[in-house]
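Q: 3D model of this:
(chains A, B, C and D, ligands or ions: 6)
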Amino acid sequence: MAQAYDLTIKEFNACEETWCPGCGDFGVNGALKRAMVNLELSPEQIVLVTGIGCSSKISDYFKSYTFHTIHGRPLPVASAIKIANPDLNVIVATGDGDGYAIGMGHFIHAIRRNVNITMIVMNNQVYGLTKGQFSPTAARGFESGTSPDGSEEDPIDGPALALAAGASFVARSFSADMKGSIATFEAAIRHRGFSVVDDLSPCVTFNKVNTYAWFRQNIRKLEEEDYEPTDRTRALELVLNSEKIPVGILYQDDSPPDTYEERVLKDLTKAPVWENLDPKGWEYARIMDEFR
Amino acid sequence: MAQAYDLTIKEFNACEETWCPGCGDFGVNGALKRAMVNLELSPEQIVLVTGIGCSSKISDYFKSYTFHTIHGRPLPVASAIKIANPDLNVIVATGDGDGYAIGMGHFIHAIRRNVNITMIVMNNQVYGLTKGQFSPTAARGFESGTSPDGSEEDPIDGPALALAAGASFVARSFSADMKGSIATFEAAIRHRGFSVVDDLSPCVTFNKVNTYAWFRQNIRKLEEEDYEPTDRTRALELVLNSEKIPVGILYQDDSPPDTYEERVLKDLTKAPVWENLDPKGWEYARIMDEFR
Amino acid sequence: MITNDLAVMIGGRAGDGSLVTGEILAKVFRDMGLEVFTIRDFPSNIRGLPTSYTIRTKDRSIMARKDHPDILLAIDEEALRLHGDELPPDGVVIYDSSSGEGPPDFEREDVHVYQVPLKSITVDNLGGARAEIFKNVVSLGVLAHLLSVDVAIIKEAIEKEFSRKGEEIVQKNFQALDLGAQYADENLAKTDPYVLERRDKQDSLLILGDDAIAYGALAAGLRFYAGYPITPATEILEWLAAHMPEYNGVVVQAEDEISAVTMCLGASYAGLRSMTGTSGPGADLMVEAISMSGMAELPLVIIHGQRGGPSTGLPTKVEQADLKHVLFASHGDFPRIVLAPGTIEEGFYLTAKALNLAERFQLPVIVLTDQALCQNKQTIPPFDLSQIEVDRGKLLNDPIEALQSPNGGNFHRYALVEDGVSPRPIPSIPGGLHEASSIEHDEMGYTTEDPELRKAMMAKRMRKLETARPELPGPVLHGDPSADLVFLSFGYPTGAIWEAMERLKEDGIPTKYVQLRTLWPFPAEEVGDLLADAREILVVEHNYSGQLAALLPTLLGKVLPTTSVTRYDGLLMTPGEIVAAAKEVA
Amino acid sequence: MITNDLAVMIGGRAGDGSLVTGEILAKVFRDMGLEVFTIRDFPSNIRGLPTSYTIRTKDRSIMARKDHPDILLAIDEEALRLHGDELPPDGVVIYDSSSGEGPPDFEREDVHVYQVPLKSITVDNLGGARAEIFKNVVSLGVLAHLLSVDVAIIKEAIEKEFSRKGEEIVQKNFQALDLGAQYADENLAKTDPYVLERRDKQDSLLILGDDAIAYGALAAGLRFYAGYPITPATEILEWLAAHMPEYNGVVVQAEDEISAVTMCLGASYAGLRSMTGTSGPGADLMVEAISMSGMAELPLVIIHGQRGGPSTGLPTKVEQADLKHVLFASHGDFPRIVLAPGTIEEGFYLTAKALNLAERFQLPVIVLTDQALCQNKQTIPPFDLSQIEVDRGKLLNDPIEALQSPNGGNFHRYALVEDGVSPRPIPSIPGGLHEASSIEHDEMGYTTEDPELRKAMMAKRMRKLETARPELPGPVLHGDPSADLVFLSFGYPTGAIWEAMERLKEDGIPTKYVQLRTLWPFPAEEVGDLLADAREILVVEHNYSGQLAALLPTLLGKVLPTTSVTRYDGLLMTPGEIVAAAKEVA
Ligand SMILES: Cc1ncc(C[n+]2csc(CCOP(=O)(O)OP(=O)(O)O)c2C)c(N)n1
Ligand SMILES: Cc1ncc(C[n+]2csc(CCOP(=O)(O)OP(=O)(O)O)c2C)c(N)n1
Ligand code: SF4
Ligand code: SF4
Ligand SMILES: [Mg+2]
Ligand SMILES: [Mg+2]
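A: Ligands and ions are numbered 1, 2, ... in the order given. Alright, predicted model coming up:
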C-alpha cells in the first residue's frame, strides 16, 4: 500500500478546530501532523482512534482514517484495529478523563498486551468537555465544579502506572514545546510496541492553575540532562520522586520487539483483513470429524 | 457499638466451604478469621465485600455482615460502605480476575482515594470459577482453555501497580503460610488507609504450574530478611526485579494517616449513617433563597 | 402592542458571555414580577460554536419553547444567519452594525432591525483587550430601553451575578449597560410592538431543573451521591458537591458510572440514602448494577436525564429516546419502578418520592427526565417542604433480638414475607448479620440453587411491585375531561402540550392530556380508564420511533387509536407543532 | 419391554468424574446408531456440590429433557436422595452398596434397585489413592450389562476419551468397566424393562451447542473473536481459541466485556468479521457499545447465551429472561437485529447468517440463545457447508477513485443512500478516508448538530431495518397448520414443544407451533397471519414474567388470546408440562 511520498502538513488538515483559542490541544494536533510528515506516513496509512472529550475531538481535525469512539474505549478499539491490520499506523488520542478515569482498566491491560500502537493522552488535569471538573490527574485541592472546596483525591501519574504495568515505551511531552513534542511523537510511533505519551496540554478555560506559565516553571526537560531512558526502576524513581515534572522519553525498552500482534499472527505480512472469506477457499469440513 | 470480647474463630464460621479440597482459599478464610480474633473484632463490626469467583465465595463461609456483589465491583461498593460508616471494618476479598481484570480500573482509583479498607486478592493466576482460563497474573505461556498453546500476554503484578498508584500499604502473602498470612492480614487491617494484600492462593484444580510446591521454591519471605518496607521506590524495585517472589509487607506508608473518609466527613464520630433524616430536624428552607 | 408575552433569543457563541447575559435577563424578568422559562440550545463545544439562549416571559406560568423567538439579540452575523428566519412578522433584530454595513443576506422587510454598533461601543468606551466581551451587556441596555425596562433592576441582577468577581467587573458591566441604553435612547426610534409591564412581585424561584432534582433529593434525606460528569446530569453532581457537606452528606466523583452506581449500592447497604445521576451512555454502563439492586434488594435511585442519541449522538440536545431502555434494560426478571417528572417542579417532588419508594420497596427506582427539564430554568412557586416525608420502610437500625434466626444462624434478611418486603438491618446492628447477595439465595442470603426456594424468592421479589402500586404517582388528567381528543405523554413535552391545549380550546377544539408520572409498573387500569372514550390519542414524545406509542398495546393490554407526534432533531417541541398535529386529526 | 427410549441420569458431584462418564455414555449410544440428547445440570461450583448429567437416547431425534429419568446411576447417597423420587414406576436405580446397607430413606417399591458395591470394587481391585474415581466406570459396566450394550463399543469410546492421558489410564478404565459388567453378570438378575438395540449407524455429529455456534461463525468467515469467560458462553471462546489460529484468525481474551465488544468494533472497522459472546451480566456491560455499533454503522455480532438471573442469579442454569433486554437495551433509537436459534443445529446456521446480516446492514446483530442450547449436546446430521455463504455487503477493499468526494474532502462514508446502507471502505484504502463516529455526523463522518442533517441521518439508519426485513429468517410453522391451538416460542423450548405436540396428537389434540427465529425487527405480518385463526396461543418461555407474552400486543399490534406457559426454577422444561398446559385450554 506504500506510495510515493510528497505530503505536507496541510494534507493532514480536516475540519477547522473548535477548541478554545490557546487550548493545548492545538499543539498536539500540530505536532502530530508534523510527526507524520517527518515519518513519511500518508493519511491512508494512519488510523487515529479517539474517545470522547475536547481532546478526542482531534479526530475531526486530523485527516486520516479516524474513529471517534465512545468515552473511555479507544484503546480496545485501537488494539483490535492493529491486530486486524498490522500495516496500519494506529494512534490513540485521548484525554486524562477518557484515558485515565473511565479508561483506566483498558490502559493497564493494553500495556500488558503490548500491541504496537501509540497512545497520546492530552492531559489537562480536568474534564474539559463537561466544563472543568477535576480529573484523576488533578492535584489534591484543585477547585472545580465538583470540588468546590478543592479535590479530596490524590492524583495518579499515568507514566508511573504505565511503567509498573510493563510498558515498553513511556514518555511525557509538553504541548507548547512543539519541537520536543514532535520528536517524542515520532519516537513513540517508531517504537515497536505499545507506546504511551502523557502530553501536558493546558486547558486555558477551566484550569487556571496548571497554565502554560506554571508548566514552564514546573517541568524539567530530560533532553537537557544526562538521562538514559533504559532502566525501568530508574524511570519510576524519576516520575515518582522528581520535584519537577520530567518531560521527554522516560523509558524505552531496548530488548527486541515483542508485540502482541506478532505473537498471535503467525505471518505478519498476511493480515487476516486481506483474506478472501469465500468458504470455498477454506477447509472447514474436516472439523466435523471432531464431533463424529 | 463495642462489646465485651470473647469470640473464638468458630464464631466466624458460616456455611461449609465448597472449595475443592486443597484450594488455597481455605488458607485465606482461616487466616482471616484468626486475624479477626486476634484483632478482637466481632462479626457485627465487620463487613466482608466480595465479587464473583471461587475466591469471592468466601462471603458464604465467613460470618459477618457480608455483601456478595457482582463481578469486578467489590471495591467501589466497599469504599462507599466505609464512607457511610467509618466504624465498620471493611474487607474486600476478591480474585485476580475479579480484582485485576474486570476490576482493574476500580483498583487504581480506590487506591488513589485511600479509603481505609483492606483488599485481599486471592491470586491463583486463573479464573477458577469459570474453569481455569488464564488470568491477568498468569505467566506468558500458561496453557488453559483460552490459551491452548500458552497465553500470549504478559502478566501484571498487583503490588507493583498498587505501589505506582500510591497505595499506602502493600503486601503479599502465601495462603499456605498461615502464620505469615495472619500477621499480614492483621497489619493490613490495622493500617489506616487503603491496604492491599496480594495473596498467593493456589488453585489445585486448574493451575498445575503454580502449585504449593512451586511457590515454596519461588518465594522469598521478607520477614527473614533485613527489609524495611518504608521506601516506595525500593519496594517497586523489589517487586519488579526480584528473581523470587517477595512475600510479606512490601510497603507501608509511615506518614500520618490521611484517609478519604477523614477528608470528606468532617466529624468521623458522626457517621451520616446514624442521622435521623426526618426533614423537620434539618434546615432546608433557606436553600430556596439561592433561587430567589 | 404585545404586552408581557415575549421570547428573547440571544444568539452568540459558546463561551462568549451570551449565556450569562441570558441568565441575567431571566432574573430581570422574574424581578419584574413576570414568569420565566429559559431554553439553552448549546453545542457540544466550549468556545466558538454558535449557541442560543432564549428567555420567554409572560404573566402566566410557561414551560415551553415559543413557536418563534420574538426578539433576536444577534451577537454576531452567524446568529442572524441561523435564526433570522425564525422571527415572526413584526419580530425584532438587534444587530451589531460596527462593520458599518447592514446585515448581509438578510432581506426581511417584515421585521424591525435595530442596528447598534455593539463592538465599536465596547472597544471605544470600555478599553482593555477583552472589551468585546461586553457586547452582550450593551445589547441588554438597548433591549431595556426598547422594552422600557427599568435599568436599576438589571443593575441589581448584574451586581448579584458579578459581585464575587470584584467591584471593577460590576462597574464595567454597569457602564456597558448604560452605554447600550443611552445609545438606544439617542439613536433608535421604537417601531416594534413589544413592551413589558412590571407586575407585583410574587415569591418565586427561578431554578434550573437539575438543581430542583438535587434539592429534592437532599431534602428527602439524601446523604450519598456518586456520579460521573455527563450532560445533562452534571449540574446535579455539582449542586450536591456544593451543598451536601453542610448536611453531613458525601458526594463522590467516581472514576466512571459503574463505580458511581455500585458505590450507591454500597452506601445503601450500609444504610445511607444514596443516588446517582447520568444520561444515556452512562446509564448503559449502570445496567448490570440495576439488576443487582433488584436481586440484592437494595435501594437505588438513578436520575436518568435523556439527551440525543444513539451513542454519543447529540450530547447537549434534548431527546426522549431512552424510554425502552429504562423500562427493559438489564438481564433477568426483577422489580423496578420508573417515574417521570413532567415539569421542573415535579422533578423536585418526584425525586424525593423516589428515595422513599426505593427504600420502602428495596429496589431500583429510575427517574426518567430529559435535557430540557434538566438544563432549563423556570419560575416556580417556592417548594412546599412540608410535603417532603422520609419513609425508610423496613430499615432496622436498632439492635435486634427477637428476630434473630432460631438456629443461631444469620438474620433472615430475605424472609419470605407476604408483601415481599423483608426487614433490612444495616451493618453493625447486633443480631442482624446476613449476606446481601447478587446470587440466588436463601432467607439468610446464602447461595442456593434449590428450585423451590428459587421460585419462592423470585415470586417474593416480584410481589413488591404489587405492594408498591397503590403508592405510585398516578397519571394526571389535564384539560377537558370529556374531550375525546387526548394527548398522552410524559416529560418535558408536558409544557408544550398545556400551551397547545389552550390554543386549541380558543379554536374551539376541546382536548385533554393524560400525563404519565409512573411509567413502570404501568398504571394500566387508570390510564386505560382515562383513555377509554378517546376517539384519537395523540402520543407526544421526542424520539424517532415513537417508543411510547409503540409500547402502548403492551402497556395497556389493548390497542387504541393512536397518532404519534414526534420530533428528533434535538430542538424543543413547540406548542404550534402540537396544535397542528391535533388539528390534523380533530 | 421398553426399547431404545431411555434417559439415564448420572447423579454425582462436581468434579467427581460423572461428567466424563456421561459424555462417554452419550458417545456409546450414538455409536450404537441411536439419537442422543444430553442435559447437564450443574451447580456454580468446581468440586463437591451435587450435579447430574442425563443422557437421553431414542431412535428419533430428541431435543428435550424427558419428564422423568428412567435410570439413575446414583454415584452417592445424595444423588438418590435428590433424584430418587423423580423415577417413574418401573424405573431403575443403580446404587453403591459398599457400606453394606441399602439406600437410606428410600422406600419406593415400584422401582428396580440394583445394589452394587461400587466403591469396594474399585478399592479392592484397582488400588491407588484415587481408585474411587473409577466408581463411575464400574457403574457403566453394570449398566452395559443390564441394557445388553456391547462392552467393546464402550471401550472404543473410553479409548478415544482417555488415550491422550496415557495407556495406563485407558487400561484402568477398561478394567473398571469389565469389573462392573462382570459383577452384574454374576450378581444381578435383570428385572427392569429397558433395553437398547443397535441400529445402522448414521453419519451424525454429537455436538455441544456452543461448539456449533463457534463453528458456524468460523465457517462464515469469522476472523476475530474477543470474549471474557462467562457461563454459558465460555465454550465458544475456548473452541475458537483452539481453532481460529489455523484459519489465520485471532481470539483475544479481553479484560472485561466492555473491552471485548469494543475490540470487535475495532476489528470490524478495520475490515475483519468479528464477534463476541456472553451472558446476561456481560451483556449488560456491552449495552453502550451496541448503541455505538448502531450509530457508527459498524457490524457487530453478539452471541447472548441466557442463564438464570437476575444479576448473578443462577449462573449455571437455564433461563430466557433477557428477551426484553436484547430487544430494548441501549439508549437512543437505532436499528438492530435479534435472531434466536431453536436448536443446536440452528445455532450453527443462524450464527453464520448473523455475520452476513451484520456486514450487509452495518448494524448490531444479537443471537439470543440460552444455557440449554449452549451447554447441552445433541446428535445432528453433519452440517451442510454449501449452505454457508459470505456476503460482505457494501464493504470496499479496493482503491476508490470515482467515489471520492468532489471537494477533495473525505469519502462519503455515511452517504444518504436510499436503502440506508452506505458503502464502507476499510482503512488503508486510498480514496476511502473518513471518520467513523459515535457522534451525529455528516456524510463524511464529521460531527454535526444541524437539525436537518440529523433528521436525514436518523431516517437513513432506521431505513436499514426495512431493507433487511426480506432477508431475515421468518417464523417456522410446525405441526398441523389447521390446528387452532397454537404454541408460540423461541429458543430451547422448541424441542420440548415438538415432543409435546406429538403426544398431544396421539391424544387427538392437533396443535401447531410458530417458532420465532427473528425477534427483531419483529415479523409482525407473517406471525400475525400464522396466528390469525388461533383459538388460544400458548406462549412458552422460560422466565417468571412471561416476557414474550407480555410484549406480544406491541410486537403484533393486536391483542390475541394467549396463555403463558412458563418455568423459572432453572431446570429444563419437559414435554409433559407443556402437554398438561395445553390440555388445560384444549
Ligand atoms: C459513558 C460516558 N460518561 C460520561 C460522558 C461525558 N463526558 C464526555 S467527555 C468527558 C470527560 C472528558 O475528559 P477528558 O478525557 O480529560 O477530555 P478533555 O475534554 O479534558 O480533553 C465526559 C465525562 C460520556 N460521554 N460518556
Ligand atoms: C460481568 C461478568 N462477566 C463474567 C462473569 C463470569 N465469571 C464469574 S467468576 C469469573 C472469574 C473469576 O476469576 P477470579 O476472580 O480470579 O476468581 P477465582 O475463581 O479464580 O477465585 C468470571 C469471568 C461474571 N460473573 N460477570
Ligand atoms: S475547554 Fe479546555 S480542553 Fe476544552 S477546548 Fe477549551 S481549553 Fe481546550
Ligand atoms: S477451582 Fe481452583 S480456585 Fe476454585 S475452588 Fe477449586 S481449587 Fe479453588
Ligand atoms: Mg482532560
Ligand atoms: Mg483467580
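
Q: gap between the residue in the stretch 151-292 of chain A positioned nearest to chain B and B:Ile102?
A: Minimum separation of the stretch 151-292 of chain A from chain B (Cβ to the nearest Cβ) falls at A:Ala164, amounting to 3.5 Å. No exception for glycine: its C-beta is placed from N, CA and C like everyone else's. Going from A:Ala164 to B:Ile102 by Cβ to Cβ, to the nearest Å gives 19 Å.

Q: which of these two has more neighbours?
A: B:Ile102 (29 against 26; other Cβ atoms under 10 Å in any protein chain shown).

Q: which single residue in the stretch 51-200 of chain C comes nearest to ligand 1?
A: Closest residue of the stretch 51-200 of chain C to ligand 1, Cβ to the nearest ligand atom: C:Thr51 (17.6 Å).

Q: please, which helix or strand holds that residue?
A: Using DSSP states H and E, the element containing C:Thr51 is strand C:50-58.

Q: and chain B, is that strand touching that?
A: No - using Cβ under 8 Å from any Cβ of the partner chain, strand C:50-58 never reaches chain B; the gap is at least 16.0 Å.

Q: which neighbours does that strand have in its sheet, and in what orientation?
A: strand C:5-13 (antiparallel), strand C:35-41 (antiparallel) (DSSP bridges).

Q: now find how far off-centre the last one is within its chain.
A: Remark: strand C:35-41 is offset 12 Å from the chain centroid, using Cα atoms, centre = their mean, to the nearest Å.

Q: neighbouring contacts of that strand?
A: Contacts with strand C:35-41, where a contact means Cβ atoms under 8 Å, 6 or more residues apart in numbering or on different chains, come from C:19, C:22-23, C:26, C:29-30, C:51-65, C:204, C:206, C:317, C:372, C:375-379, C:495, C:571-572.

Q: any of those residues buried? List them.
A: Applying a neighbour-count criterion of 16 or more other Cβ atoms under 10 Å in any protein chain shown, the buried members of those are C:19, C:22-23, C:26, C:29-30, C:51-58, C:61-65, C:204, C:206, C:317, C:372, C:375-379, C:495, C:571-572.

Q: return the residues of chain A in contact with chain C.
A: Contacts of chain A with chain C, taken as Cβ under 8 Å from any Cβ, map to A:18-21, A:52, A:54, A:68, A:70-72, A:101-102, A:104, A:127-131, A:133-134, A:136, A:145-149, A:205.

Q: which residues touch C:Pro50?
A: C:Pro50 sits next to C:Gly11, C:Gly12, C:Arg13, C:Ala14, C:Pro43, C:Glu78, C:Ala79, C:Leu82 when contact means Cβ under 8 Å, 6+ apart.

Q: please repeat the previous calculation with a cut-off of 7 Å.
A: Counting by Cβ atoms under 7 Å, 6 or more residues apart in numbering or on different chains, C:Pro50 makes contact with C:Arg13, C:Pro43, C:Glu78, C:Ala79, C:Leu82.

Q: domain map for chain C?
A: C:2-195, C:206-387, C:395-470, C:476-585 (automatic domain parsing).

Q: which of those sits closest to A:Gly248?
A: Nearest to A:Gly248 among the domains of chain C is domain C:206-387; the distance by Cβ to Cβ comes to 28.5 Å.

Q: what about the closest one and chain A, any contact?
A: Yes - using Cβ under 7 Å from any Cβ of the partner chain, a contact is recorded between domain C:206-387 and chain A, made by C:229-231, C:234, C:237-238, C:241-242, C:253, C:255-256, C:281, C:311-312.

Q: just the terminal-to-terminal distance for that domain.
A: End-to-end distance of domain C:206-387 (Cα to Cα, to the nearest Å): 20 Å.

Q: check the offset of that domain from the chain's centre.
A: 11 Å.

Q: show me what stretch C:563-578 is in contact with.
A: Identification of contacts with stretch C:563-578 by Cβ under 7 Å, 6+ apart yields C:39, C:41, C:64-67, C:308, C:314, C:317-319, C:372, C:493, C:496-497, C:499-500, C:503, C:536, C:538-544, C:546, C:549, C:581, C:585, D:449, D:451, D:454-455, D:458.

Q: which of these are close to ligand 1?
A: Among the contacts of stretch C:563-578, no residue lies close to ligand 1 (Cβ under 6 Å from any ligand atom).

Q: report the buried members of these.
A: The neighbour count (16+ other Cβ under 10 Å) marks C:39, C:41, C:64-67, C:308, C:314, C:317-319, C:372, C:493, C:496-497, C:499-500, C:503, C:538-544, C:546, C:549, C:581, D:449, D:454, D:458 as buried among these.

Q: not counting sequence-adjacent ones, nearest residue to whichever residue of the stretch 101-250 of chain A sits closest to ligand 6?
A: Nearest residue of the stretch 101-250 of chain A to ligand 6, counting by Cβ to the ion: A:His109, 15.7 Å away. Using Cβ to Cβ, 6 or more residues apart in numbering or on different chains and skipping residues adjacent in sequence, the residue nearest A:His109 is D:Glu255, 4.0 Å away.

Q: contacts only, for the one you found.
A: Taking Cβ under 7 Å, 6+ apart as the test, what D:Glu255 contacts is A:Gly105, A:His106, A:His109, B:Ala101, B:Ile102, B:Met104, B:Pro136.

Q: again, only using 8 Å
A: Shown in contact with D:Glu255 (Cβ under 8 Å, 6+ apart): A:Gly105, A:His106, A:His109, B:Ala101, B:Ile102, B:Met104, B:Pro136, D:Tyr228.

Q: my guess is the second one meets A:Gly72, correct?
A: To tie it back to what came earlier, the one meant is A:His106. Yes - taking Cβ atoms under 8 Å as the definition, A:His106 is a contact partner of A:Gly72 at 7.3 Å.

Q: more neighbours, the two?
A: Taking neighbours as other Cβ under 10 Å, A:His106 and A:Gly72 compare with A:Gly72 leading, 33 against 29.

Q: what number of residues are in the vicinity of C:Asp200?
A: 5.

Q: quick one, phi psi at it?
A: The phi/psi pair for C:Asp200 (degrees, to the nearest 10) reads phi -60, psi 130.

Q: with the one 10 residues further on instead?
A: In this entry, C:Asp210 is assigned phi and psi values of phi -60, psi -40 (degrees, to the nearest 10).

Q: the helix or strand hosting A:Pro76 near chain B at all?
A: Element membership for A:Pro76, per DSSP H and E: helix A:74-84. No - on the criterion Cβ under 8 Å from any Cβ, helix A:74-84 is out of touch with chain B, staying 10.9 Å away.
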